[in-house]
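*Asks:* Pasted the sequence and its predicted model underneath.
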Amino acid sequence: METLGQIRGQLLSLCKGKKLEGEGVHMVSFQPLESRVNQDSLVTEKWDIGGQTWFFLAVCDGELVSASQRVPSSCKTQVMVELKRPNTWPNICLGAQPLQ
């Protein structure tokens with residue numbers, strides 16, 4: 001019978017983790033098949049938008065490694081565009097005024 005330490009080691013070998021330092025944000029990607037390598041790309045970014053802190057967290061499939069480099073900037077750009085328009089969901093949900 002395996003010990004708890006051995007089982008924990010096997011489980012950890014199937015995981016990939018990332019931490020956004022100083023913010024208490026942790027991400028984990030899990031590949032349950034031992035026969036396959038976890039190729040996921042974990043993206044964590046902290047954005048200052050309109051004086052508010054936003055966190056961008058994404059798990060990109062290993063097949064789309066280049067997406068992990070493109071996605072954050074295009075998402076941030078789109079969020080900025082939406083926040084500049086009146087009566088859009090971010091402004092309504094946040095009770096915010098459109099960004100100038």
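*Replies:* Thanks, I have it.

*Asks:* now the strands for this protein?
*Replies:* In the chain, the strands defined using DSSP state E lie at 15-20, 25-30, 41-49, 52-60.

*Asks:* in its sheet, what does the third one sit against?
*Replies:* By that I understand strand 41-49. strand 52-60 (antiparallel) (DSSP bridges).

*Asks:* go on, the first one?
*Replies:* When pairs are called by DSSP bridges, strand 15-20 turns out to pair with strand 25-30 (antiparallel).

*Asks:* buried ones in the partner strand?
*Replies:* When burial is assessed from 16 or more other Cβ atoms under 10 Å, strand 25-30 yields the following buried residues: Met27, Ser29. Quick note: C-beta positions are derived from backbone N, CA and C, even for glycine.

*Asks:* And stretch 41-52, by the same measure?
*Replies:* Ser41, Leu42, Val43, Thr44, Gly50.

*Asks:* again with stretch 12-27
*Replies:* Buried residues in stretch 12-27, defined by neighbour count with 16+ other Cβ under 10 Å: Lys16, Lys18, Met27.

*Asks:* and that stretch, how far from the chain's centre?
*Replies:* Averaging C-alpha positions (Cα atoms, centre = their mean, to the nearest Å) puts stretch 12-27 10 Å from its chain's average.

*Asks:* contacts for that stretch?
*Replies:* Residues from elsewhere that reach stretch 12-27, judged by Cβ atoms under 8 Å, 6 or more residues apart in numbering: 28-32, 34, 38, 40, 42, 44-46, 55, 57, 59.

*Asks:* Which helix in this protein has the most residues?
*Replies:* Longest helix of the chain, by residue count under DSSP state H: helix 67-84.

*Asks:* can I get the buried residues of stretch 41-52 in JSON lines with pLDDT and distance to Arg70?
*Replies:* Converted to JSON lines, the buried residues of stretch 41-52 look like this (pLDDT from 0 to 100; distance: Cβ to Cβ, whole Å):
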{"residue": "Ser41", "pLDDT": "79", "distance to Arg70": "11"}
{"residue": "Leu42", "pLDDT": "80", "distance to Arg70": "15"}
{"residue": "Val43", "pLDDT": "82", "distance to Arg70": "10"}
{"residue": "Thr44", "pLDDT": "83", "distance to Arg70": "16"}
{"residue": "Gly50", "pLDDT": "75", "distance to Arg70": "23"}
